[in-house]
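Novice: A predicted structure for the sequence below; I have some questions about it.
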Amino acid sequence: MITFFEASLETVSVHHIGNQSQNEFYSLSDKPLELKDDIIQNLLTQYFLKPFEKANEVYHLTHSSGDLNLNEAYHFAEEAFENENKFHEASQQIAKHLYNVTNHPNIKPGELYVAHFQQVQIEGELLDAIGIFKSENKETYLKVYPQADGFNIDYEENAININKLDKGALIFNTNKENGYKVVVIDNTNRGQDTVYWKDEFLQLKIRNDSFNQTNNALGIYKNFVTQKLDDEFEMTKADKIDLLNKSIKYFKEKETFDLEEFGNEVIGNDKAFESFKTFKGQYEQEFETPIADTFEISANAVKKQQRVYKSVLKLDRNFHIYIHGDKELIEKGYDDDKHMNYYKVYFKEEQ
């Protein structure tokens, strides 16, 4: 979704952010970095942008009041987009805002980078983008270098691994009235303290477009089949895999999702279909994410979900059966003599 082979890094400002709860402070630089070295510029571009190549979800900036201008990240990004001369000043304000929400004791201090890019591609469109990145984890590196009688070795502490971006967000200069397009990464915090980056600092909400509608619908259906159906129906794992395969087939072959059609062609049972609609409604209410009864299907979202849909029937540690087609060609039984379950598989020829 994100590509940067045409991207150029125009400017970047660096500040340090401490943790308020640890009585640490922030430190602001007076001016942007001087990017005179092409190698440094290319390394920074790779460090900042490469992790976003696998980002799928697109968000937008929000505010609980409904007034986007009260979202600090939105306000200062808008300033940076509209006036290049105010970019560094805007980066300082972004740093202060991040410091104000950095109050969980588990949040590490680190450097904040605010960068301006041109020609970053998202969803096939080349756009300017404001990048906000934070490096928290430092590493020690060994350096081996030649000298007159052979080689010598040295080390450098508190260095940054350019292949491990800790936190990042790209705000694209499009859809301004709806809070811009935003993609985000957080590779450090997995607990409750992680909410400060997405929820408190950026105040993001996932964009409810065709990608997310498709992704959520498939995700909900997978959870319904694997977690809910057992409560109401007796089903083998082969039956569940068959239902999952049917849903993927439906989404791959159709251009538009239709809930009633999906219920008839994939679920095929009125009671189960009503249960699925209830399960879907509970998700929509809990996560405040409505999923329309009809929407355009996103092929990229189908590919993403297909990777986590399981079509493998694991039998003890001896056999794996991959089920890709007609479930009627596999039968389950029980052998009284061996006191073991078995599957009978029908086929025409080996391949």
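Specialist: That came through, no problem.
Novice: Which helix or strand contains residue 154?
Specialist: strand 150-159 (DSSP states H and E).
Novice: I should have written residue 100 there, sorry.
Specialist: helix 87-101.
Novice: Give the other helices and strands that that helix contacts.
Specialist: strand 8-17, helix 72-82, strand 110-122 (3 or more C-beta pairs under 8 Å, 6 or more residues apart in numbering; DSSP states H and E). Glycine gets a C-beta too; all of them are placed from N, C-alpha and C.
Novice: just checking, what packs against the last one?
Specialist: Strand 110-122 makes packing contacts with strand 2-3, strand 8-17, helix 38-49, helix 87-101, strand 125-135, strand 167-172 when contacts are defined by 3+ C-beta pairs under 8 Å, 6+ apart.
Novice: which one of those lies closest to residue 294?
Specialist: Closest approach to residue 294 among the helices and strands packed on strand 110-122 (C-beta to C-beta): strand 125-135, 25.7 Å.
Novice: for the stretch 101-250 of the chain, what are the low-confidence residue spans?
Specialist: Along the stretch 101-250 of the chain, the model assigns pLDDT under 70 to residues 189-194.
Novice: try it again with 80
Specialist: 188-194, 208, 235-238 (pLDDT under 80).
Novice: cool, and the stretch 251-351 of the chain?
Specialist: 287-289, 307-334, 338, 340, 342-343, 345-351.
Novice: all strands for it, in order.
Specialist: 256-258, 294-296, 312-315, 319-322, 330-335, 340-345 (DSSP state E, counting those that start in this stretch).
Novice: Of all those strands, which one comes closest to residue 12?
Specialist: Nearest to residue 12, of all the strands of the stretch 251-351 of the chain, is strand 294-296, at 37.5 Å by C-beta to C-beta.
Novice: That closest one pairs with which strands, and in what direction?
Specialist: strand 256-258 (antiparallel) (DSSP bridges).
Novice: still on that earlier bit, what comes up buried for the helix holding residue 100?
Specialist: Residues of helix 87-101 classed as buried: 87, 88, 90, 91, 92, 93, 94, 95, 97, 98, 99, 101 (neighbour count, 16 or more other C-beta atoms under 10 Å).
Novice: and what of stretch 173-188?
Specialist: By neighbour count on 16+ other C-beta under 10 Å, the buried set for stretch 173-188 is 173, 176, 179, 180, 181, 182, 183, 184, 185, 186, 188.
Novice: Could you list the alpha-carbon positions for it in CSV?
Specialist: C-alpha atoms of stretch 173-188 as CSV (Å, rounded to 0.1, in the frame of the first residue of the first chain):
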residue,chain,number,x,y,z
ASN,A,173,-1.8,15.7,2.6
THR,A,174,-5.1,14.5,1.3
ASN,A,175,-8.7,14.3,2.8
LYS,A,176,-7.9,17.2,5.0
GLU,A,177,-11.5,17.8,5.9
ASN,A,178,-11.8,14.3,7.2
GLY,A,179,-8.6,14.3,9.2
TYR,A,180,-6.1,13.4,6.5
LYS,A,181,-5.0,9.8,5.6
VAL,A,182,-2.8,8.4,8.3
VAL,A,183,-0.8,5.2,8.7
VAL,A,184,0.8,4.3,12.0
ILE,A,185,3.3,1.9,13.5
ASP,A,186,4.1,1.0,17.1
ASN,A,187,6.6,-1.8,17.5
THR,A,188,7.5,-1.3,21.2
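Novice: Would you mind finding the most buried of the helices and strands packed on strand 110-122?
Specialist: strand 167-172 (a mean of 25; mean count of other C-beta atoms under 10 Å).
Novice: Next, the angle strand 110-122 makes with that strand.
Specialist: 40 degrees (axes from the mean of the first three to the mean of the last three C-alpha atoms, to 10 degrees).
Novice: Which strands or helices does strand 167-172 pack on?
Specialist: Against strand 167-172 (3+ C-beta pairs under 8 Å, 6+ apart) you get helix 72-82, strand 110-122, strand 125-135, strand 181-186.
Novice: Can you tell me the strand partners of it and which way each runs?
Specialist: strand 125-135 (antiparallel), strand 181-186 (antiparallel).
Novice: what would the ones you listed look like in JSON lines with distance to residue 147?
Specialist: Formatted as JSON lines, these follow (distance: least, C-beta to C-beta, whole Å):
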{"stretch": "strand 125-135", "distance to residue 147": "32"}
{"stretch": "strand 181-186", "distance to residue 147": "40"}
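Novice: coming back round to it: tell me the one of the buried residues of stretch 173-188 nearest residue 50?
Specialist: Among the buried residues of stretch 173-188, and counting by C-beta to C-beta, the member closest to residue 50 is residue 185, at 10.6 Å.
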